[in-house]
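Chemist: What follows is a predicted structure for the sequence shown.
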Amino acid sequence: MSVNTSNAYGKITISDMAIAKVASQAAMECYGIVDTVSRRFTDSLAELFKKDTRGKGVKVTTDGDKIYIDVYVIIKFGVSINAVAQSLKESVKYRVERFTGMIVDSVNVNVIGVRL
């Protein structure tokens, strides 16, 4: 799937993978995030054979001009999970909206684990 929009200069199409890469980069820059992780074990196996792992741990769903993002992360031990999750949501929402020029309807943070 992809997101489509039009302006005076023509039609713009942004792929879900491009959005996932931006969201993944925004997540890794947030304080308290150690890593993004795959949603399923089969995704982990597929990533072993790929060089480009940007976008891993992020699921993007589009519906018309709305974007729904699920982020799967490992959080640093000793930080407030709620504070890190809120910061992550705001950061991902801001960066993706700025990148696409469209509305991010929701960002769901799934904490998979905690690491030292």
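Modeler: Right, received. Where do you want to start? Numbers count the residues shown, from 1 in each chain.

Chemist: just how off-centre is the longest helix along the chain within its chain?
Modeler: Longest helix in the chain, counting residues (DSSP state H): helix 81-100. Computed by Cα atoms, centre = their mean, to the nearest Å, the chain-centroid distance of helix 81-100 equals 9 Å.

Chemist: avg pLDDT for that helix?
Modeler: When pLDDT is averaged along helix 81-100, the result is 96.

Chemist: Okay, buried residues for that helix please.
Modeler: 84-85, 87-89, 91-93, 95-96, 99-100 (16 or more other Cβ atoms under 10 Å). No exception for glycine: its C-beta is placed from N, CA and C like everyone else's.

Chemist: How about stretch 102-116?
Modeler: For stretch 102-116, by 16+ other Cβ under 10 Å, it's 102, 104, 107, 109.

Chemist: list the contacts for residue 26?
Modeler: Residue 26 sits next to 91-92, 94-96 when contact means Cβ atoms under 8 Å, 6 or more residues apart in numbering.

Chemist: Need the max-distance pair from the residues you listed.
Modeler: 91 and 96 (9.5 Å; Cβ to Cβ).

Chemist: just the angle between the longest strand anywhere in the chain and helix 81-100, please?
Modeler: When the chain is parsed with DSSP state E, its longest strand is strand 103-115. Counting by axes from the mean of the first three to the mean of the last three Cα atoms, to 10 degrees, strand 103-115 lies at 140 degrees to helix 81-100.

Chemist: where does this structure dip in pLDDT?
Modeler: Applying pLDDT under 70 to the chain flags residues 39-54.

Chemist: Nearest residue to the middle of it?
Modeler: Closest residue to the average C-alpha location of the chain: residue 23 at 3.3 Å, with Cα atoms, centre = their mean.

Chemist: Got phi/psi on that one?
Modeler: The phi/psi pair for residue 23 (degrees, to the nearest 10) reads phi -70, psi -40.

Chemist: Could you double-check that it lies in contact with residue 71?
Modeler: Yes: with contact defined as Cβ atoms under 8 Å, residue 23 reaches residue 71; the gap is 6.5 Å.
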